[in-house]
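Engineer: Provided below for reference: sequence and predicted model.
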Amino acid sequence: MVYTLITNGTLIDGNGGPPLANAAVLFNGNKIEAVGKASEVAAPSDATVVDAQGGFILPGFIDTHVHMMMEVGKLEERLTTPFSYQFYQAIQYMQRTINAGVTTVRDAGFTDAGVKKAVEDKIVVGPRMQISITPLTTTGGHGDQWMRSGVDITNHGYPGVPDGICDGVEQVRQRAREVLRAGADIIKVHATGGVLSPTDHPEFTQFSQEELEVIVQEAKFRRGLKVMAHAQGAEGIKNAVRAGIHSIEHGIFLDDEAIELMLEKGTYLVPTLLAPVSVLEAAERDGSMPEYGVQKCREVIEFHKQSIAKAYKAGVKIAMGTDAGVMAHGTNLRELGLMCDIGMSPMESIVATTKTAAECMGWEDKVGTIEVGKLADVVISQTDPLADILSLENNDNIVAVFKDGELVKNTLKKVAVTQG
């Protein structure tokens with residue numbers, strides 16, 4: 001096997017404990033073989049040595065809510081751009097994600113099994129991913145892009161991506177089965193309205209609890225998989241939690257009952273605090289967001305912060321997710337600063353995007369922490385994120401990224417050298 005030794009850095013292993021100065025991490029191929037003080041980690045004579053140059057060694061970051069096949073832009077550009085162009089754009093999106101130090105993602109819609117396979121087969125560089133293929137939505141729901149002009153820009157599917165619009169228990173069951181057949185690792189459902197949908201509101205409840213329970217059953221009993229729910233209004237959130245849905249995405253209008261239910265069921269919360277911030281920024285920058293979305297965003301942004309702060313204080317499990325695609329890919333780590341703004345410490349925000357995020361994805365045995373036996377997903381930052389969490393927003397500060405033991409980004413001043 002090929003050995004790699006990272007040395008001369010401070011280790012933040014993702015478990016939330018104190019950093020370890022003068023640390024070393026040894027890979028054997030794509031697995032971590034040893035972690036500890038540099039003086040205690042012995043490497044073979046032919047190991048490749050990477051000098052962290054006094055930087056900080058962290059687990060590869062995880063974003064549990066992205067859309068790798070899209071970036072929201074001006075409507076006229078979407079309507080006039082050839083369909084296949086999006087696949088070539090996605091190559092850049094995935095590279096930018098890696099450059100930010102994000103080595104694992106959970107895709108919340110529109111990335112198909114072919115894109116995932118292209119990454120796994122190393123045709124393109126990108127993060128390890130779980131995919132949901134197509135979000136399930138009701139007629140007139142968050143995923144229905146029919147405009148009151150009569151124009152419909154909804155993606156009604158193409159080979160590998162089924163149509164996601166469904167109403168009633170039997171149609172919901174069929175759509176869930178179609179998404180699973182297409183290769184979904186998790187089912188995504190819109191349990192409420194949203195900000196960027198043209199004919200609803202974040203507080204609108206969509207799908208009945210019975211319909212949501214059917215989706216959970218199909219995921220669990222047919223494949224042993226889980227369901228994630230776009231859920232912003234309180235009633236829709238509670239329906240989703242009662243139905244057994246694994247994670248609540250956004251959680252804008254969480255009330256006390258919803259929080260208690262989430263604590264009781266062990267439901268994860270993925271805040272995506274960056275999404276509404278980015279919508280307003282884009283509207284001010286270039287007018288690329290629709291006015292109905294901007295108006296709704298202004299209504300909900302403060303409620304969103306308050307809800308996430310309340311859930312955090314109550315002890316709800318929080319996994320980092322951004323909604324990347326609503327904002328530019330590669331800006332993912334802006335979410336950490338926003339999480340600190342609602343009360344989390346820098347270390348807690350790092351744990352949310354490593355250990356807790358891995359647990360949310362069911363991959364805690366593979367990624368999320370730097371521990372013996374796990375996959376060699378490791379990031380080197382030239383800045384101390386505990387002293388300045390905002391420094392991680394600058395991708396230039398992420399000077400090296402290993403995914404599966406392979407160096408997929410390297411801007412270290414000193415190139416890796418081999419012993420012997």
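Structural biologist: In hand now; what should we look at?
Engineer: Could you report the pLDDT at residue 240?
Structural biologist: In this model, residue 240 is scored at 98, pLDDT.
Engineer: Kindly report the same for the one 5 residues further on.
Structural biologist: Among the per-residue scores, residue 245 shows a pLDDT of 98.
Engineer: Counting neighbours, what do you get for it?
Structural biologist: Summarising burial for residue 245: neighbours were counted as other CB atoms under 10 Å, giving 27. Just so you know, the C-beta spots here come from the backbone N, C-alpha and C atoms, and that holds for glycine as well.
Engineer: Next one: it from residue 196, what distance?
Structural biologist: Residue 245 sits 21 Å away from residue 196 when distances are taken as CB to CB, to the nearest Å.
Engineer: Pull out the buried residues from whichever strand or helix holds residue 282.
Structural biologist: Residue 282 is part of helix 274-286 when elements are defined by DSSP states H and E. For helix 274-286, the buried set under the neighbour-count rule, 16 or more other CB atoms under 10 Å, comprises 274, 275, 276, 277, 278, 279, 282, 283.
Engineer: Show me what secondary structure element comes after it.
Structural biologist: helix 291-314.
Engineer: now what about that next one, what contacts it?
Structural biologist: Helix 291-314 is contacted by residues 195-196, 198, 201-202, 232, 250-254, 259, 262-263, 269, 271, 273, 276-277, 279-280, 283, 289, 318, 339, 341-344 when judged by CB atoms under 8 Å, 6 or more residues apart in numbering.
Engineer: angle of it against helix 274-286?
Structural biologist: 150 degrees (axes from the mean of the first three to the mean of the last three CA atoms, to 10 degrees).
Engineer: for the next helix or strand along the chain from helix 291-314, what is the average pLDDT?
Structural biologist: From helix 291-314 onward toward the C-terminus, using DSSP H and E, the following helix or strand is strand 317-318. Throughout strand 317-318, pLDDT has a mean value of 98.
Engineer: before we move on, what about stretch 53-60?
Structural biologist: Averaging pLDDT along stretch 53-60 yields 98.
Engineer: buried ones in it?
Structural biologist: 55, 56, 57, 58, 59, 60.
Engineer: hey, C-alpha coordinates of that stretch in CSV?
Structural biologist: Coordinates of each C-alpha in stretch 53-60 appear next as CSV, following Å, rounded to 0.1, in the frame of the first residue of the first chain:
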residue,chain,number,x,y,z
GLN,A,53,3.7,23.8,8.0
GLY,A,54,2.2,24.6,11.4
GLY,A,55,-1.4,24.6,10.0
PHE,A,56,-4.5,22.8,11.4
ILE,A,57,-5.4,19.2,10.4
LEU,A,58,-9.2,18.6,10.3
PRO,A,59,-11.5,15.9,9.0
GLY,A,60,-12.9,16.5,5.5
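Engineer: Distance from the chain centre to that stretch, please.
Structural biologist: 21 Å (CA atoms, centre = their mean, to the nearest Å).
Engineer: cool, and stretch 285-293?
Structural biologist: Put simply, stretch 285-293 sits 24 Å off its chain's centre (CA atoms, centre = their mean).
Engineer: same thing with stretch 315-328?
Structural biologist: Distance, centroid of stretch 315-328 to centroid of chain: 6 Å (CA atoms, centre = their mean).
Engineer: From the opening residue of that stretch to its closing one, how far?
Structural biologist: 30 Å (CA to CA, to the nearest Å).
Engineer: which of the residues in that stretch are buried?
Structural biologist: With burial defined by 16+ other CB under 10 Å, the residues of stretch 315-328 counted as buried are 316, 317, 318, 319, 320, 321, 322, 323, 324, 325, 326, 327.
Engineer: I figured the second one was touching residue 265, is that so?
Structural biologist: No: under the criterion of CB atoms under 8 Å, residue 317 is not in contact with residue 265, lying 10.4 Å apart.
Engineer: Test my guess that residue 321 contacts residue 102.
Structural biologist: No: Residue 321 is beyond contact range of residue 102, at 10.9 Å (criterion: CB under 8 Å).
Engineer: Which residues are in contact with each of those two?
Structural biologist: residue 63.
Engineer: Residue 27: which of the buried residues of stretch 315-328 is nearest?
Structural biologist: residue 320 (24.5 Å; CB to CB).
Engineer: Spatially, which residue comes closest to the closest one, not counting chain neighbours?
Structural biologist: Nearest non-adjacent residue to residue 320, counting by CB to CB, 6 or more residues apart in numbering: residue 353, 3.6 Å away.
Engineer: From residue 392, how far off is the one you found?
Structural biologist: 9 Å.
Engineer: overlap in contacts of the two?
Structural biologist: 333, 336.
Engineer: Over to residue 8. Which of the three states is it?
Structural biologist: strand (DSSP: H, G, I helix; E, B strand; the rest coil).
Engineer: Could you tell me how many residues sit around it?
Structural biologist: Neighbours around residue 8, by other CB under 10 Å: 17.
Engineer: got it, and the one 3 residues further on?
Structural biologist: Number of residues near residue 11 (other CB under 10 Å) recorded here: 26.
Engineer: got it, and residue 158?
Structural biologist: 10.
Engineer: Distance-wise, check it relative to residue 198.
Structural biologist: Counting by CB to CB, the gap from residue 158 to residue 198 is 22 Å.
Engineer: sorry, back to before: now, the contacts of helix 291-314 that are in helices?
Structural biologist: Of the positions in the contacts of helix 291-314, 259, 262, 263, 276, 277, 279, 280, 283, 339, 341 sit in helices, assigned by DSSP state H.
Engineer: For the third one, which residues are in contact?
Structural biologist: For residue 263, the residues meeting the contact criterion (CB under 8 Å, 6+ apart) are 314, 315, 316.
Engineer: for residue 113, same thing?
Structural biologist: Residues in contact with residue 113, defined by CB under 8 Å, 6+ apart, are 131, 133, 160, 182, 183.
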